[in-house]
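Visitor: everything below, folded, please.
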Amino acid sequence: MELDFQINVSQLLKTNVGSVKKFGLDQAILDLEDEDSASKIDGEVLLTRTDRGVWVSGIVEIYISLECSRCLVHYSSLNKIAIDDEFLPSVDINSGAKLRYADTEINQDTYSIDAHHVLDLSEALRQYRLSTMPIAPLCRVDCNGICTECGIDLNVSSCSCEPYQDQRWAKLRELLNTNGTIT
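Guide: Predicted coordinates for the structure are as follows:
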C-alpha cells in the first residue's frame, strides 16, 4: 500500500483567485522504515486558488508506529502537523502550454501540479511525516529502558545486575560525599 493523495484541481484552476475547495484525508499507509507496520493519516486540507497555483493548508493527524529507543517496545504516536505549501501548475489550464516559470521556479523544493492538472499530496505528506518523527522515540517520558547486562525490561521489573559506572567520571564521584553535595 502506498500514499495516494492525488486531487484533480482542473476545475479549481479555472476559478477566480481565492476560491476554496476542501479535501478530506483518511487513509492507512505503510510505515516509512518498517514495511510491516501501518500508520494512518486523518484530517482535512483546504485548497485555495492563488494567482500562480493552488495553496494547500490544513491540520493533519498522523499516527506513526514507532519503536522506543530505550526499551525497544513498539508503540503508536499521534502527531499533528500543519501543512502550508503552494503547488504550481506545470502547464496552462486553458491552452495546455508549458508555463514560463515552470523551469525557473519549479525545482526539487517546489511542489508542482502535473500536466493533467493533478495535485499529488503524497510527497508533501511523506516529507511532513518524516519531519514529525522523533530522533530518539520514547514510549513514555520516564522510560527506564533495558538492562545493558541481562536485557530485562526495567519498566516491567528490576534486575540484580551491578549498575554500570563509567570510570571516566570516577574523580568527579570522589568529589561527591554521601548526601550528593560537592565537598
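Visitor: show me the helices in this protein, by range?
Guide: Secondary structure of the chain by DSSP state H: the helices cover 10-13, 101-104, 122-132, 170-175.
Visitor: run through the bridge partners of the nearest residue to L72 once chain neighbours are set aside.
Guide: Of all residues beyond its chain neighbours, the one nearest L72 is I146 (6.7 Å), with distances taken as C-beta to C-beta, 6 or more residues apart in numbering. Bear in mind the C-beta positions are built from the backbone N, C-alpha and C, glycine included. Here I146 sits in beta bridges with D153, as judged by DSSP bridges.
Visitor: show the pLDDT at I146.
Guide: pLDDT recorded at I146 is 94.
Visitor: residue contacts, it?
Guide: Counting by C-beta atoms under 8 Å, 6 or more residues apart in numbering, I146 touches 70-72, 152-154.
Visitor: the helices of the chain into JSON lines, with extra columns for mean neighbour count, distance to A82 and mean pLDDT?
Guide: Written out in JSON lines, the entries for the helices of the chain read as follows (neighbours: other C-beta atoms under 10 Å; distance: least, C-beta to C-beta, whole Å; pLDDT from 0 to 100):
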{"stretch": "helix 10-13", "mean neighbour count": "16", "distance to A82": "21", "mean pLDDT": "91"}
{"stretch": "helix 101-104", "mean neighbour count": "12", "distance to A82": "26", "mean pLDDT": "56"}
{"stretch": "helix 122-132", "mean neighbour count": "15", "distance to A82": "9", "mean pLDDT": "84"}
{"stretch": "helix 170-175", "mean neighbour count": "9", "distance to A82": "44", "mean pLDDT": "80"}
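Visitor: nice, that's everything, thank you.
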